[in-house]
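Trainee: Could you work out the structure for the sequence below:
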Amino acid sequence: MSSFDELSGGARDQITEALRSNDGRLGEVFRLREEGVFTSADVVARGAAANQGAAGNLRATIRSIVEDFVPQSPAVATIAGRSIGGLLRANAELGEEARAFLFEVRTRLDNVAHSEEAIAEEDSQIASSSEVLERNVENQSGVYVYTLPTYFRTPKKTDPDRFLYKIGKTDRFVGARIKDQQRLTGLPEDPWLLRVYRSEALSPSEIEKLFHDLLGSAGHSRGTGRYSGTEWFATNLDFLDAIANAFGLEVQETEIPEE
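Mentor: As a prediction, the model looks like this:
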């Protein structure tokens, strides 16, 4: 596979302009990179991402193109591959060489994203981090966000940037609430606790309503099945963290591998 530096000047210029002119977060992070902003912490500080995890995903996408970087995290590789697919769709005018190169990069990312060995290792890391978060929030009330491993890796068909998360409140130990639900509903997999949101000024009920109302207003659909429950939403962690940051909520999170 050819590297970015080995492309002709015209192909490099086309890809660079496609990244620079992107009107989403990817473009924001690329333009910051051109200014000399390279770390995830600095990207967040400049307002181009809700958290360092989101910033890391965006940086990984850019690095996979211009640095021939291959993330070892299947989750990151999946996100980067989808971003490159979006870049290709939004820039139909790209020349043959530039398009072929981006397709090659996406294929390389897909190989990591579908590696059973890498997925198993990452699942183990996330599950372990989720257990740590459960222990850390013992005896704390708040609003929790959890999902199942299958849902974590399965985007909605109608929107590849959204996944199913359960967003609900508890007035006691968050981890116990999740384990109670697992026993009562017979979940097919052990759930992963990914976020807990808390506030000194707002009650868990008020925080939960805030999230549910804003998710609904933004068109992030919720479960409507007869037995599916209304706390399941098709959304993403970046959007949830952006809500939390906007309202000054305390965020406790499970560590998800960035690279």
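
Trainee: what about stretch 21-41, average pLDDT?
Mentor: Mean per-residue pLDDT for stretch 21-41: 95.

Trainee: again but with stretch 95-108, I slipped
Mentor: Per-residue scores along stretch 95-108 average to 96.

Trainee: Export that stretch to PDB, keeping only CA atoms.
Mentor: Presented in PDB, the C-alpha positions along stretch 95-108 are these (Å, rounded to 0.1, in the frame of the first residue of the first chain):
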ATOM      1  CA  GLY A  95      -9.500  12.000  -8.500                       C
ATOM      2  CA  GLU A  96      -8.900   8.300  -9.100                       C
ATOM      3  CA  GLU A  97      -5.600   8.200  -7.200                       C
ATOM      4  CA  ALA A  98      -6.900  10.000  -4.200                       C
ATOM      5  CA  ARG A  99     -10.100   7.900  -4.000                       C
ATOM      6  CA  ALA A 100      -8.100   4.700  -4.400                       C
ATOM      7  CA  PHE A 101      -5.800   5.700  -1.600                       C
ATOM      8  CA  LEU A 102      -8.700   6.500   0.800                       C
ATOM      9  CA  PHE A 103     -10.300   3.100  -0.100                       C
ATOM     10  CA  GLU A 104      -7.000   1.400   0.800                       C
ATOM     11  CA  VAL A 105      -6.800   3.200   4.100                       C
ATOM     12  CA  ARG A 106     -10.400   2.200   4.900                       C
ATOM     13  CA  THR A 107      -9.700  -1.400   4.100                       C
ATOM     14  CA  ARG A 108      -6.700  -1.400   6.400                       C
END
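
Trainee: Which positions within it qualify as buried?
Mentor: 97-99, 101-102, 105-106, 108 (16 or more other C-beta atoms under 10 Å). In short, each C-beta sits where N, CA and C put it, glycine included.

Trainee: Just name the closest of these to residue 208, please.
Mentor: residue 106 (38.1 Å; C-beta to C-beta).

Trainee: Which secondary structure elements does the host helix or strand of the closest one sit against?
Mentor: Using DSSP states H and E, residue 106 sits in helix 96-113. Packed against helix 96-113 by the contact rule (3 or more C-beta pairs under 8 Å, 6 or more residues apart in numbering; DSSP states H and E) you find helix 9-20, helix 52-66, helix 74-90.

Trainee: most neighbours per residue, which of those helices?
Mentor: helix 52-66 (a mean of 23; mean count of other C-beta atoms under 10 Å).

Trainee: I'd like the distance from that one to the chain centre, please.
Mentor: 11 Å (C-alpha atoms, centre = their mean, to the nearest Å).

Trainee: Check which helices and strands it sits against.
Mentor: Using 3+ C-beta pairs under 8 Å, 6+ apart: helix 52-66 touches helix 9-20, helix 25-34, helix 40-45, helix 74-90, helix 96-113, helix 237-246.

Trainee: just so I know, which of those helices lies nearest residue 52?
Mentor: Here helix 40-45 is closest among these (C-beta to C-beta), at 4.2 Å.
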